[in-house]
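Asker: next one to model:
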Amino acid sequence: MSVSAPSRLTPVGRVTPFRAQRIWEKNFVSYRKFWKVVVSGFFEPVFYLFAVGIGVGALVGDVVLPGGEAVSYAAFVAPAMMAASAMNGAVIETTFNIFFKLHFGKVYEGILTTPMQPMDIAIGEIGWALLRGLLYSTAFVGVMWAMGMTESWLAIFAVPAATLVGFAFGAAGLAAATWMKSWQDFDLVTLVTMPLFLFSGSFYPLDVYPPVLQLVTRLSPLYHGNELLRGFTLGMVDWTMLGHAAFLLVMGLVGAGIASRRLDGMLRK
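Answerer: Numbers count the residues shown, from 1 in each chain. As a prediction, this is how the structure comes out:
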C-alpha cells in the first residue's frame with residue numbers, strides 16, 4: 001500500500017510568526033557554511049565611505065544643509081552609505097536567493113507540505129533579510145562613531161531606521177523575484193538600484209537639483225531612507241521624519257502583500 005504525500009492545498013490555519021521563524025532557522029543553518037558571504041556584505045559600503053566620504057570629502061569640505069547647518073562631507077555621506085547598504089543587502093537577499101529557491105532549488109514546494117503558508121514564507125524571507133541588515137547597520141554605526149561621523153547620540157536610532165529601509169526594499173525585491181523568469185532579468189535589478197543610489201541625494205543635498213528633478217527625487221524610496229538616517233546621525237530630528245518612515249512602511253507592506261499573493265499563485269498550482 002502506498003502513502004501519498006500531503007497535499008499543498010490542505011487548509012493550514014492562520015499565519016503565525018512562529019512558523020515564519022522556521023524560515024529564519026533554515027537560512028541560519030544554511031549560511032553557517034557561507035558566513036563569508038554575509039561578512040563581505042558589510043565591507044562594500046565601508047569602502048565607499050572611505051573612498052567617497054573621506055577621499056572626496058577632503059576636496060569638497062563642509063556641506064551646507066537646507067537649514068543652514070554645515071557638516072563635514074563624510075558625516076553627510078555616511079548615513080547614505082548605510083541606507084544604500086540596507087537597500088542592496090535586502091534586494092540581493094530577496095531576489096537572487098529567492099529566484100534560485102523558486103526555480104532551481106524547489107525549496108518551497110517541500111515547505112508547503114507542512115502547515116506553513118505562502119505568507120509564512122514571505123514573512124520569513126523578508127525577516128531574514130532584515131536580520132542581515134540589522135547586523136550590517138549595527139556594525140556600520142559603530143564604524144561611524146569610531147570615526148567621529150555621528151553628531152548626536154540619536155545615531156543609535158539609525159539602526160532601526162536602516163532596518164525599515166531593508167524592510168521596504170526586501171519586500172519589493174521579493175515581489176519582483178516572483179516575476180523573474182531568467183538570470184538575465186537581474187540586469188533590470190541593477191538598472192533600478194543604481195540610479196536610486198546615485199540620484200537620491202546620497203552624495204549632495206537635494207537643493208542642487210532643478211525644481212522638477214527635486215519632485216522626482218522625492219519619489220525615490222532611497223531618498224526617504226537617506227533623509228531618515230541623516231536626521232538621526234546628525235541629530236536633526238523633526239516631524240518630516242515621520243513622513244519618510246511612513247513612506248517606507250507603506251512600501252514594505254504593499255510589497256509583502258503582493259509577494260504573498262504571487263507566491264500563493266505560483267506554489268499552489
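
Asker: how far away is the nearest residue to A155 once chain neighbours are set aside from F140?
Answerer: Excluding its sequence neighbours, the residue lying closest to A155 (CB to CB, 6 or more residues apart in numbering) is T233, at 4.6 Å. Bear in mind the C-beta positions are built from the backbone N, C-alpha and C, glycine included. With distances taken as CB to CB, to the nearest Å, T233 is found 10 Å from F140.

Asker: how near is the residue nearest to A155 to K101?
Answerer: From T233 to K101 the distance is 35 Å (CB to CB).

Asker: ok, L229 next?
Answerer: 30 Å.

Asker: among these two, which residue is more densely surrounded?
Answerer: L229 (30 against 17; other CB atoms under 10 Å).

Asker: how about G148, secondary structure?
Answerer: coil (DSSP: H, G, I helix; E, B strand; the rest coil).

Asker: gap between it and F47?
Answerer: Taking CB to CB, one finds G148 at 19 Å from F47.

Asker: which stretches of this protein have low pLDDT?
Answerer: Within the chain, the ranges that satisfy pLDDT under 70 run 1-42, 105, 110, 268-269.

Asker: ok, back up a step: ok, T233 and F140, which is more surrounded?
Answerer: Legend: neighbour count by other CB under 10 Å for T233 and F140, higher for T233 (28 against 25).

Asker: show me what contacts that one?
Answerer: Neighbouring residues of T233 by CB atoms under 8 Å, 6 or more residues apart in numbering: A75, A78, P79, V141, M144, M149, T150, E151, S152, L154, A155, A158.

Asker: same check, this time on Y108
Answerer: By CB under 8 Å, 6+ apart, the residues touching Y108 are K101, L102, I121, L263, L267.

Asker: can we see that at 10 Å?
Answerer: By CB atoms under 10 Å, 6 or more residues apart in numbering, the residues touching Y108 are R8, I23, I98, K101, L102, M116, P118, I121, E125, L263, M266, L267.

Asker: the fifth one reaches L263, doesn't it?
Answerer: Yes: shown here, L102 and L263 form a contact pair, counting by CB atoms under 10 Å, at 8.4 Å.

Asker: list the residues that contact both of the two?
Answerer: What both L102 and L263 touch, as defined by CB under 10 Å, 6+ apart, is the set Y108, A177, T178.

Asker: most surrounded residue in the contacts of T233?
Answerer: Going by other CB under 10 Å, A78 tops these with 32 neighbours.

Asker: who's the closest spatial neighbour of F76, skipping the chain neighbours?
Answerer: V63 (4.5 Å).

Asker: the more surrounded of L102 and L263?
Answerer: Using other CB under 10 Å as the criterion, L102 and L263 rank with L263 on top: 25 against 18.

Asker: which parts of the stretch 101-250 of the chain are strands?
Answerer: Counting by DSSP state E, counting those that start in this stretch, one finds no strands in the stretch 101-250 of the chain.

Asker: ok, now how distant is the residue nearest to A155 from A162?
Answerer: 10 Å.

Asker: same thing with Q184?
Answerer: 31 Å.

Asker: out of the two, which sits in the more crowded spot?
Answerer: A162 (30 against 8).

Asker: need the contact list for that one.
Answerer: 79, 82-83, 85-87, 89-90, 130, 133-134, 136-138, 140-141, 225, 228-229, 232.

Asker: if you drop the residues flanking it in sequence, what lies closest to the residue nearest the centre of the chain?
Answerer: Geometric centre of the chain, nearest residue: G166, 2.4 Å, by CA atoms, centre = their mean. Once flanking residues are discounted, G166 sits nearest to G133: 3.4 Å by CB to CB, 6+ apart.

Asker: check the gap between that neighbour and T178 for me.
Answerer: Taking CB to CB, one finds G133 at 21 Å from T178.

Asker: just want to know which of those two has more residues nearby.
Answerer: G133 (28 against 19).

Asker: that one contacts V165, doesn't it?
Answerer: Yes: between G133 and V165 there is a contact under CB under 10 Å: 7.6 Å.

Asker: so what sits against both of those two?
Answerer: M82, S85, A86, M87, G89, A90.

Asker: the second one sits in which helix or strand?
Answerer: Secondary structure assignment for S85, by DSSP states H and E: helix 73-100.
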